[in-house]
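here is a sequence together with a model predicted from it:
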Amino acid sequence: MSTPLLSDNEIAAGLRELPDWTRTGASISRTVEAPTFLAGIDLVRRVADSAERVDHHPDIDIRWRRVTFTLSTHSEGGLTRKDLALAGQIDRLAAQS
């Protein structure tokens with residue numbers, strides 16, 4: 001099932017609600033600094049559980065306590081509502097850490 005790409009205006013509007021995320025081309029990303037390495041790994045596990053439920057998966061880079069999440073709908077070649085929704089979920093999960 002195809003998900004339409006967002007316009008630049010739609011992306012900008014979405015990012016106003018996601019102030020910790022930045023856009024680079026066809027993706028958005030956020031880095032979270034966890035209090036400990038294991039807390040970062042736990043955040044990754046919780047994000048992975050959420051991603052599986054919606055069948056939309058971020059790219060994840062772990063560097064000690066710093067975890068970077070990058071979102072793009074690769075099958076569509078850019079940003080869709082799926083990315084903004086998952087970014088919001090990641091923000092909620094990160095706030096619980």
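Great, that's in hand.

which SS state does the residue nearest the centre of the chain fall under?
The centroid of the chain falls nearest to Ala87 when counting by CA atoms, centre = their mean (3.8 Å). When classified by DSSP: H, G, I helix; E, B strand; the rest coil, Ala87 comes out as helix.

hmm, Ile28 and it touching each other?
Yes: assessed by CB atoms under 8 Å, Ala87 is found in contact with Ile28 at 6.1 Å. (Each C-beta comes from the backbone N, C-alpha and C, glycine too.)

what's the overlap in contacts for the two?
Common contact partners of Ala87 and Ile28 (CB atoms under 8 Å, 6 or more residues apart in numbering): Leu18, Trp21, Leu71.

excluding chain neighbours, what is closest to the first one?
What sits nearest to Leu18 in space, not counting adjacent residues and going by CB to CB, 6 or more residues apart in numbering, is Ala87, at 5.0 Å.

what's near enough to touch that neighbour?
Per CB under 8 Å, 6+ apart, neighbours of Ala87: Gly14, Leu18, Trp21, Ile28, Arg30, Phe69, Leu71.
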